[in-house]
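Colleague: dropping a prediction and its sequence here:
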Amino acid sequence: MSKTITFVDADVLITAFQGKDKIWQKAIEVLDDPEREFVVSDYLKLEVIPKPTFHGFHEEVQFMQTFIDNASIQVGATPSITAQAITLACRYDLTPLDALHAGTAIESKADMLITLERPTSPLCQVKEVKIVSLRG
């Protein structure tokens with residue numbers, strides 16, 4: 001049986017690390033699911049590594065780096081992802097990073113993108129890849 005190829009939004013990783021929000025258990029369950037293979041991108045790294053590094057949050061950096069290093073699929077920044085992101089941002093009014101994450105999920109042929117965005121958010125309206133909100 002093949003594993004589910006999954007791209008997780010930065011908010012899932014941040015919540016899993018911080019453990020403050022009531023929804024953190026759902027985030028942990030996704031990350032610990034042995035039936036998933038994870039996709040990470042340069043864009044995701046940009047979202048989860050610089051801030052905790054700057055602020056000296058070494059445990060958070062280690063958590064993020066471990067997840068990144070263990071992901072099965074590593075995706076670099078490419079012109080095709082950027083083009084896909086621009087199209088998606090124009091179509092759904094996405095923020096730049098949400099558009100890049102969705103574009104990466106599409107380009108890498110991920111089965112789904114998991115987020116903590118509310119189901120009514122622009123990201124959750126994207127039709128080109130299955131979007132799963134842990135909030136609903």
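Modeller: Arrived safely, thanks for sending. Numbers count the residues shown, from 1 in each chain.

Colleague: leaving out sequence neighbours, find the closest residue to L94.
Modeller: Once flanking residues are discounted, L94 sits nearest to P122: 5.1 Å by Cβ to Cβ, 6 or more residues apart in numbering. Placement of C-beta: from N, CA and C, glycine included.

Colleague: which elements pack onto the helix or strand where I68 lies?
Modeller: Element membership for I68, per DSSP states H and E: helix 58-70. Here helix 58-70 touches helix 10-18, strand 36-41, helix 42-48, helix 50-54, going by 3 or more Cβ pairs under 8 Å, 6 or more residues apart in numbering; DSSP states H and E.

Colleague: by contact count, what packs against the helix or strand where T6 lies?
Modeller: According to DSSP H and E, T6 maps onto strand 4-8. Strand 4-8 sits against helix 24-31, strand 36-41, helix 96-107, strand 112-115, with contacts defined as 3+ Cβ pairs under 8 Å, 6+ apart.

Colleague: what separates the first and last residues of stretch 12-28, distance-wise?
Modeller: 8 Å (Cα to Cα, to the nearest Å).

Colleague: nope, stretch 74-83 is what I was after
Modeller: 19 Å.

Colleague: who touches it?
Modeller: 39-43, 68, 100, 103-104, 107-108 (Cβ atoms under 8 Å, 6 or more residues apart in numbering).

Colleague: list the buried ones in that stretch?
Modeller: Using 16 or more other Cβ atoms under 10 Å as the test for burial, stretch 74-83 gives 75, 81.

Colleague: what average pLDDT does stretch 47-64 get?
Modeller: Per-residue pLDDT over stretch 47-64 has a mean of 98.

Colleague: list the buried residues for that stretch?
Modeller: Buried residues in stretch 47-64, counting neighbours by 16+ other Cβ under 10 Å, are found at 47-48, 52, 60-61, 63-64.

Colleague: quick one: that stretch to chain centroid distance?
Modeller: 16 Å (Cα atoms, centre = their mean, to the nearest Å).
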